[in-house]
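# what's the 3D shape of this:
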Amino acid sequence: MLGMIRNSLFGSVETWPWQVLSKGDKGDVSYEERACEGGKFATVEVTDKPVDEALREAMPKVMKYVGGSNDKGLGMGMTVPISFAVFPSDNGDLQKKLKVWFRIPNKFQSDPPAPSDSSIKIEDREGITVYSTQFGGYAKAADYAAQAAQLRSALEGTATYQTDFYFCTGYDPPMKPYGRRNEVWLVKSSE
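Sure, this is the predicted structure:
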């Protein structure tokens, strides 16, 4: 626990590498199209719980892993954003399923420490192209769902993206009260 706190307060913060391909806006929605680098990710999946509750279960596991609860006892530093995939139902409500994706810092990409918690998996993920919109505040599932709906509306007729899931992202530690950055990412469909 001490390693997790030390890491989040004093550890390095690395940004997940991406390149902005284009920018757009429609109405009140500004968005970017980004090519995000792939790599190794620590993942935790939680099912049968509402998204906010599932996130409260999954995030401490990832933070402990990053903070040193791994086979090497290493605090790795943070990579932002931390993303989590949510799965909308046909009516737009979020299913009781969540998967957190934490991109392992570049220094550890070739040989990431093994998690001590068996619910954490290390997965390789290909690069993805996303449509991203940004918003502030302490985001909850309803905020992400509303932002995703606005982004889908802004992209209507101009872009194709996956509809079975989308990513919600956060950049800030919980103790940051102002200037918070959250995003919704719709994953561009292969053409």
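
# and the residue most central in space within the chain, helix, strand or coil?
Nearest to the mean C-alpha position of the chain, by C-alpha atoms, centre = their mean, lies residue 83 at 0.5 Å. Counting by DSSP: H, G, I helix; E, B strand; the rest coil, the backbone at residue 83 sits in strand.

# can you show me the strands along the chain?
Using DSSP state E, the strands of the chain run over residues 13-15, 18-26, 29-36, 39-47, 78-80, 82-88, 94-103, 120-125, 128-135, 166-170, 182-187.

# who wins for proximity to residue 111 among these?
Residue 111 sits nearest to strand 39-47 of all those, at 9.3 Å, using C-beta to C-beta. Every C-beta, even on glycine, is put in place using the N, C-alpha and C of the backbone.

# so where is this protein shaky, pLDDT-wise?
For the chain, the stretches with pLDDT under 70 are 1-12, 191.

# same for the helix ranked longest in it, what does it pack against?
Secondary structure assigned by DSSP state H gives helix 51-67 as the longest helix of the chain. Counting by 3 or more C-beta pairs under 8 Å, 6 or more residues apart in numbering; DSSP states H and E, the packing neighbours recorded for helix 51-67 are helix 2-10, strand 39-47, strand 82-88, strand 94-103, strand 120-125, helix 141-155.

# can you do 6 Å?
helix 2-10, strand 39-47, strand 94-103 (3 or more C-beta pairs under 6 Å, 6 or more residues apart in numbering; DSSP states H and E).

# please put the alpha-carbon coordinates of it into CSV.
Taking Å, rounded to 0.1, in the frame of the first residue of the first chain, the C-alpha atoms of helix 51-67 are listed here in CSV:
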residue,chain,number,x,y,z
VAL,A,51,-19.8,0.2,-13.9
ASP,A,52,-19.1,2.6,-11.0
GLU,A,53,-19.0,-0.2,-8.5
ALA,A,54,-16.8,-2.4,-10.8
LEU,A,55,-14.4,0.4,-11.2
ARG,A,56,-14.0,0.9,-7.5
GLU,A,57,-13.1,-2.8,-7.3
ALA,A,58,-10.7,-2.9,-10.3
MET,A,59,-8.8,0.3,-9.9
PRO,A,60,-7.1,-0.5,-6.5
LYS,A,61,-5.9,-3.8,-8.0
VAL,A,62,-4.2,-2.0,-10.9
MET,A,63,-2.8,0.7,-8.6
LYS,A,64,-1.3,-1.9,-6.2
TYR,A,65,0.3,-3.7,-9.2
VAL,A,66,1.8,-0.5,-10.5
GLY,A,67,2.9,0.5,-7.0
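
# which ones are touching residue 19?
Taking C-beta atoms under 6 Å, 6 or more residues apart in numbering, we find residue 19 in contact with residue 35.

# swap in residue 22?
Shown in contact with residue 22 (C-beta under 6 Å, 6+ apart): residue 33.

# can you tell me who it pairs with across the strands?
Beta bridges link residue 22 to residue 33, judged by DSSP bridges.
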